[in-house]
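Asker: Curious how this folds, go ahead:
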Amino acid sequence: MHNQSFITEFVLLGLSQNPTVQKIAFFVCVFVGLHLTIGGNMLIVVTIVCSPALLGSPMYFFLAFLSFLDACFSSAMAPKMIVDLLYKRKIISYKGCMIQLFAEQFFAGAEMIILTAMAYDHYVAICRPLHYFSIMNWRLCGILVWVAWTGGFLHSIIQILFTFQLPFCGSNIIDHFLWDLYSLLELACTDTHIFGLFVVSNSGLICFIIFIMLLVSYGVILLSLRTFNSEGRRKALSTCGSHIVVVVLFFVPCIFTYARPPSAFSFDNMVKIFYNMLTPLLNPLTYTFRNMEIKNAIRKVWKCLVVLSDKK
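Answerer: Below is the predicted model of the structure:
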């Protein structure tokens, strides 16, 4: 099927048509999306990169990469949404829509893989501690990061290539503040039943399968903790608990969004806000809240920045 699209731009209705609500949403999004989410994640990246003791650990290496992906994910989505809140008419070009859709799927796909790699890292650290550094060597860490980039790219490019085949010749109004695959399916001038099933299988089903695999792997880890002493069990539970929270925050909204038929629910926008803005924000908070190593490293980096700024 050839693309016979006559639409060159899409119009978003946004969160609300109320000017007061839009102004409040603007300041909230600027504070949360730009300062807290992107700033918080990049603070973790800089802290780990500037701390040799942390960067030498595969666990913190993957955490820095996860924070970098979260910052990129938010950077791809938040700025356009924030700018739109200043305008009554919210427009995005067809090409711009495809670019942002590619970025969203790319970084989300890479994050899904890196969360799986982090779960494997925790499994090896807890269940095979004597062989940890021989298994989780830097060659394997590099391969896992390469797999994350490649997997994210393949996942995204497949979605985009199929989306390019959809003809858009009718309405160009999207009743959301963000666009996603299902929003575009509603506007296509053709039967999208098959494509909807493809989205479910390529995104939702993969999310669901990986999520179940991660839950099973952590079930195995928890069972192995029975042989640990109380201190070892507490430390392992703290590490695994943070990762389980991040996994749930990432996969549950993803499964809700994509592992179902393309139908609209009244709270879809709330799920999208959570998935696109709050999840990347909560990830760094979850990992640093009870992690003294990260907290101490952040203090040291902050002191160095203050000293450097005073010298200037």
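
Asker: and the helix or strand harbouring Ile143, what does it pack onto?
Answerer: Assigned by DSSP states H and E, Ile143 belongs to helix 138-164. Packing contacts for helix 138-164, counted by 3 or more CB pairs under 8 Å, 6 or more residues apart in numbering; DSSP states H and E, involve helix 58-84, helix 94-127, helix 181-187, helix 193-199. To be clear about C-beta, it is placed using only N, CA and C from the backbone, and glycine gets the same treatment.

Asker: In JSON lines, list those helices along with mean pLDDT, mean neighbour count and distance to Trp146.
Answerer: As requested, these are exported to JSON lines (pLDDT from 0 to 100; neighbours: other CB atoms under 10 Å; distance: least, CB to CB, whole Å):
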{"stretch": "helix 58-84", "mean pLDDT": "85", "mean neighbour count": "22", "distance to Trp146": "11"}
{"stretch": "helix 94-127", "mean pLDDT": "89", "mean neighbour count": "20", "distance to Trp146": "10"}
{"stretch": "helix 181-187", "mean pLDDT": "75", "mean neighbour count": "19", "distance to Trp146": "26"}
{"stretch": "helix 193-199", "mean pLDDT": "75", "mean neighbour count": "15", "distance to Trp146": "26"}
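
Asker: With distance to Arg226 added, can I get these in JSON lines?
Answerer: As requested, the helices and strands packed on helix 138-164 are exported to JSON lines (distance: least, CB to CB, whole Å):
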{"stretch": "helix 58-84", "distance to Arg226": "23"}
{"stretch": "helix 94-127", "distance to Arg226": "12"}
{"stretch": "helix 181-187", "distance to Arg226": "44"}
{"stretch": "helix 193-199", "distance to Arg226": "42"}
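
Asker: between these, which gets nearest to Ser230?
Answerer: helix 94-127 (15.0 Å; CB to CB).

Asker: Student question: in the chain, what's the helix or strand with minimum average pLDDT?
Answerer: helix 268-273 (a mean of 67; mean pLDDT, DSSP states H and E).

Asker: Next secondary structure element downstream of that one?
Answerer: helix 279-288.

Asker: now the angle from that following helix to helix 94-127?
Answerer: Calculated by axes from the mean of the first three to the mean of the last three CA atoms, to 10 degrees, helix 279-288 forms an angle of 20 degrees with helix 94-127.

Asker: low-scoring stretches of the protein, by residue?
Answerer: For the chain, the stretches with pLDDT under 70 are 1-6, 14-19, 21, 33, 175-180, 260-271, 273, 289-290, 305-312.

Asker: Now do the helix holding Ile143 against helix 58-84: the angle between them, please.
Answerer: Going by the same axes, to 10 degrees, helix 138-164 makes 30 degrees with helix 58-84.

Asker: The chain should start at 239 in everything you say after this.
Answerer: All right, first residue 239 from here; so that's helix 376-402.

Asker: What residues of helix 376-402 count as buried?
Answerer: Judged by neighbour count (16 or more other CB atoms under 10 Å), helix 376-402 contains these buried residues: 378-379, 382-383, 386-387, 389-390, 393-394, 397-398, 401.

Asker: ok, the spatially closest residue to Ile459 that is not a sequence neighbour - contacts?
Answerer: Take Ile459 and drop its neighbours on the chain: the residue closest to it by CB to CB, 6 or more residues apart in numbering is Ile364, 5.4 Å away. Shown in contact with Ile364 (CB atoms under 8 Å, 6 or more residues apart in numbering): Ile459, Ser462, Leu463, Ala474, Cys478.

Asker: Mind doing that once more with 7 Å?
Answerer: Going by CB atoms under 7 Å, 6 or more residues apart in numbering, Ile364 touches Ile459, Ser462, Ala474.

Asker: Quick one, which of those are buried?
Answerer: Going by neighbour count (16+ other CB under 10 Å), the contacts of Ile364 have Ile459, Ala474 buried.

Asker: Where does the closest residue in space to Ile411 that isn't next to it in sequence fall, secondary structure wise?
Answerer: Nearest residue to Ile411 in three dimensions, chain neighbours excluded: Val249, at 5.0 Å (CB to CB, 6+ apart). Applying DSSP H and E as the criterion places Val249 in strand 247-250.

Asker: and Thr428, that's in a helix?
Answerer: No - counting by DSSP: H, G, I helix; E, B strand; the rest coil, Thr428 is not part of a helix but coil.

Asker: How about the contacts made by Ala348?
Answerer: Applying CB under 7 Å, 6+ apart, the residues near Ala348 are Leu307, Ala386, Trp387, Gly389, Gly390.

Asker: between those residues, which is closest to Val270?
Answerer: Using CB to CB, the contacts of Ala348 come closest to Val270 at Leu307, 18.1 Å.

Asker: Could you pull up the residues touching that closest one?
Answerer: Phe345, Ala348, Glu349, Ile352.

Asker: Could I get the CA-only coordinates of the host helix or strand of Ile447 as CSV?
Answerer: Following DSSP H and E, one finds Ile447 within helix 444-462. C-alpha atoms of helix 444-462 as CSV (Å, rounded to 0.1, in the frame of the first residue of the first chain):
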residue,chain,number,x,y,z
ILE,A,444,6.9,-7.7,24.2
CYS,A,445,6.5,-5.5,27.2
PHE,A,446,4.2,-8.1,28.9
ILE,A,447,6.5,-11.0,28.2
ILE,A,448,9.6,-9.2,29.5
PHE,A,449,7.7,-7.9,32.5
ILE,A,450,6.7,-11.5,33.4
MET,A,451,10.3,-12.7,32.9
LEU,A,452,11.6,-10.0,35.2
LEU,A,453,9.1,-10.8,37.9
VAL,A,454,10.0,-14.5,37.7
SER,A,455,13.7,-13.7,37.8
TYR,A,456,13.2,-11.6,41.0
GLY,A,457,11.1,-14.5,42.4
VAL,A,458,14.2,-16.7,42.0
ILE,A,459,16.4,-14.1,43.6
LEU,A,460,14.0,-13.7,46.6
LEU,A,461,14.0,-17.5,47.1
SER,A,462,17.8,-17.6,47.1
